[in-house]
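> predicted coordinates and the sequence they were generated for:
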Amino acid sequence: MERSPKTYDLALLFSALADRTRLRLLNLMDGREVCVCYFVEILGQSQPKISRHLAYLRRAGIVAARREGKWMHYKIATPQHAGAARILRETLSVIEQEKSMQADLHRLKKACCAGETLVMLNGAPLPAPVAMALR
């Protein structure tokens, strides 16, 4: 007897997208891989709180993580479920138009390109572009 493949949990996806902090994290990851220390700096929230939100996004299947030494890097992962991928793509498209989300991206760019590195980000790897099949 064959088992049917596990269905995608759309309720979990919608729950993941129903939080402003998680939307801000997704906005910062759109098209790039970002070290968690940048999220802490840009969003002004504690590392444990940011990590909890990132774990929620990972459980929803829309964020992937990788460790490099002591640094954790996060990027958007395209869900295999076509409907979920479309929902995520549309969500990213909508949030990138918000002024507050644009301000977060400006702070990220400023933190990455500042002549003087912020103390907290000293030695942190710069966000790196990633190829995404999402758009």
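Arrived safely, thanks for sending.

> in this protein, which residue is most central in space?
Computing the C-alpha centroid of the chain and ranking residues by C-alpha atoms, centre = their mean puts Leu26 first, at 3.5 Å.

> which residues outside the helix or strand hosting it are in contact with it?
Applying DSSP states H and E as the criterion places Leu26 in helix 20-29. Identification of contacts with helix 20-29 by C-beta atoms under 8 Å, 6 or more residues apart in numbering yields 16-17, 34, 38-39, 42-43, 45, 49-50, 53-54, 56-57, 62-63, 74-76, 88, 91-92, 95-96, 100-101, 104-105, 108. Bear in mind the C-beta positions are built from the backbone N, C-alpha and C, glycine included.

> quick one: contacts for the nearest residue to Val63 once chain neighbours are set aside?
Leaving out its chain neighbours, the residue that sits closest to Val63 by C-beta to C-beta, 6 or more residues apart in numbering is Leu57, at 3.9 Å. When contacts are counted by C-beta under 8 Å, 6+ apart, Leu57 is found next to 16, 22, 25-26, 63.

> distance check, Leu57 against Lys99.
Counting by C-beta to C-beta, to the nearest Å, the gap between Leu57 and Lys99 amounts to 23 Å.

> same check, this time on Asn27
To Lys99, Asn27 is 12 Å away according to C-beta to C-beta.
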